[in-house]
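S.K.: Here's my sequence, what's the structure:
(one chain, ligands or ions: 2)
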Amino acid sequence: MPEVRMEGVEIVKKPERGDVHYNSENEGQKIIMQVENLSKTYFQGKIPVHALRCACITVKRGEFLAIMGPSGSGKSTLLALIGTLEKATDGKIILDGTDLTSVPEKLLPSVRREKIGFIFQHYNLIPTLTALENVELSMRFSRVPKKEREERARSLLEELGLGDRLNHKPSELSGGEQQRVSIARALANKPALILADEPTGEVDSKTRDSIVQIFKKLSEKGQTILVVTHDPEVAKECSRVLRITDGVIKDY
Ligand SMILES: Nc1ncnc2c1ncn2[C@@H]1O[C@H](COP(=O)(O)OP(=O)(O)OP(=O)(O)O)[C@@H](O)[C@H]1O
Ligand SMILES: [Mg+2]
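M.R.: Ligands and ions are numbered 1, 2, ... in the order given. You can find the predicted model right below:
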């Protein structure tokens, strides 16, 4: 694979895009993300809030990782930093060969689009677009031709059991179906990492279990997934649980 270089972006090792179809024993041991001494301090006026303190996390490709901790402990902050939605006060995040903390502001949207898929508690689908269009839209800014985008969106939705819901708008879908559309959307650009903040917070327990099984299957195929959850039933299906208290992470 030719080395991809973007001006101003530090390439730590040769990048290989995450791929859900990928599955090989050796490669499964490959480290996909290294978080080093990551800290975030917010200021409320002059008072510092240490939302995250010196976090160090090593994640292997294909891990299905839960992040648990009380309200206000720093879970969403960690996701926002890894997702490059916020800037770290200190530390490094090396994802799939790129140091995210050194990416210049103007390149962040494209790095984010290529490397990270987001899944939110409230799905965040565009209400005026169909399921197919919502998934296809996420690929619009990548250099994939339209026909290919449509085919990939269709096949992802079919894989997630939504083959007969392609032309439904979000308001015409159940909560679980909407969340599956948002999973398809997160997978569309073959991200190195999926970040999910309370993805089962709004659905009943049966739907929750089916969403967790989808994540499990994806991780078995080599997709790396980080899930913030309060739900022990979700955490027990994960390959590892990170616990966070007052901004300090413990790895179990
Ligand atoms: N923009 C901000 N400015 C100041 N303080 C903030 C800001 N965002 C978060 N915080 C504080 O940082 C700490 C961590 O917040 P965070 O949202 O990461 O918690 P959380 O673990 O996701 O909680 P929850 O389970 O309630 O979603 C909290 O004390 C919060 O009040
Ligand atoms: Mg939160």
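S.K.: and the gap between the closest residue to residue 199 other than its chain neighbours and ligand 1?
M.R.: Counting by C-beta to C-beta, 6 or more residues apart in numbering, residue 119 is the residue found nearest to residue 199 once chain neighbours are left out, at 4.8 Å. Yep, even glycine has a C-beta here, placed from its N, CA and C like the rest. Counting by C-beta to the nearest ligand atom, to the nearest Å, the separation of residue 119 from ligand 1 is 15 Å.
S.K.: One more: residue 216?
M.R.: 23 Å.
S.K.: wait, what's in contact with that residue?
M.R.: Neighbour list for residue 216: 64, 237 [criterion: C-beta atoms under 8 Å, 6 or more residues apart in numbering].
S.K.: which SS state does it fall under?
M.R.: When classified by DSSP: H, G, I helix; E, B strand; the rest coil, residue 216 comes out as helix.
S.K.: mind starting the numbering at 25 from now?
M.R.: Sure thing, new numbering starts at 25, so read that last one as residue 240.
S.K.: mind checking pLDDT for it?
M.R.: Among the per-residue scores, residue 240 holds a pLDDT of 96.
S.K.: ditto for the one 10 residues further on
M.R.: In the predicted model, residue 250 carries a pLDDT score of 98.
S.K.: re earlier: then the residue nearest to residue 223 would be within a strand, right?
M.R.: Yes. According to three-state DSSP, residue 143 belongs to a strand.
S.K.: count of neighbours near it?
M.R.: Using other C-beta atoms under 10 Å, residue 143 has 23 other residues around it.
S.K.: list the contacts for it?
M.R.: The contact partners of residue 143, by C-beta under 8 Å, 6+ apart, come to 203, 206, 207, 210, 218, 219, 220, 221, 223.
S.K.: what do you get for residue 268?
M.R.: By C-beta under 8 Å, 6+ apart, the contact list for residue 268 reads 91, 92, 93, 97, 98, 99, 102, 274.
S.K.: Is the last one in contact with residue 266, as I believe?
M.R.: Which is residue 274. Yes. The criterion here is C-beta atoms under 8 Å, and residue 274 meets it with residue 266 at 7.1 Å.
S.K.: neighbour-wise, which of those two wins?
M.R.: residue 266 (22 against 10).
S.K.: Which residue ranges of this structure form helices?
M.R.: 49-52, 99-106, 132-139, 155-161, 170-183, 199-211, 229-244, 256-259 (DSSP state H).
S.K.: Out of these, the one nearest residue 65 is which?
M.R.: Smallest distance to residue 65 across the helices of the chain (C-beta to C-beta): 10.1 Å, for helix 99-106.
S.K.: Rounded mean pLDDT for the closest one, please.
M.R.: 96.
S.K.: packing partners for it?
M.R.: Applying 3 or more C-beta pairs under 8 Å, 6 or more residues apart in numbering; DSSP states H and E, one finds that helix 99-106 contacts strand 55-68, strand 71-84, strand 88-92, strand 114-119, strand 217-221, strand 248-252.
S.K.: Turn these into CSV, columns for distance to residue 240 and mean neighbour count.
M.R.: CSV is the format used below for the helices and strands packed on helix 99-106 (distance: least, C-beta to C-beta, whole Å; neighbours: other C-beta atoms under 10 Å):
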stretch, distance to residue 240, mean neighbour count
strand 55-68, 17, 16
strand 71-84, 16, 17
strand 88-92, 6, 23
strand 114-119, 22, 20
strand 217-221, 12, 24
strand 248-252, 9, 25
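S.K.: Need those in TSV (columns: distance to residue 228).
M.R.: Output for the helices and strands packed on helix 99-106, formatted as TSV (distance: least, C-beta to C-beta, whole Å):
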stretch	distance to residue 228
strand 55-68	32
strand 71-84	30
strand 88-92	20
strand 114-119	33
strand 217-221	18
strand 248-252	18
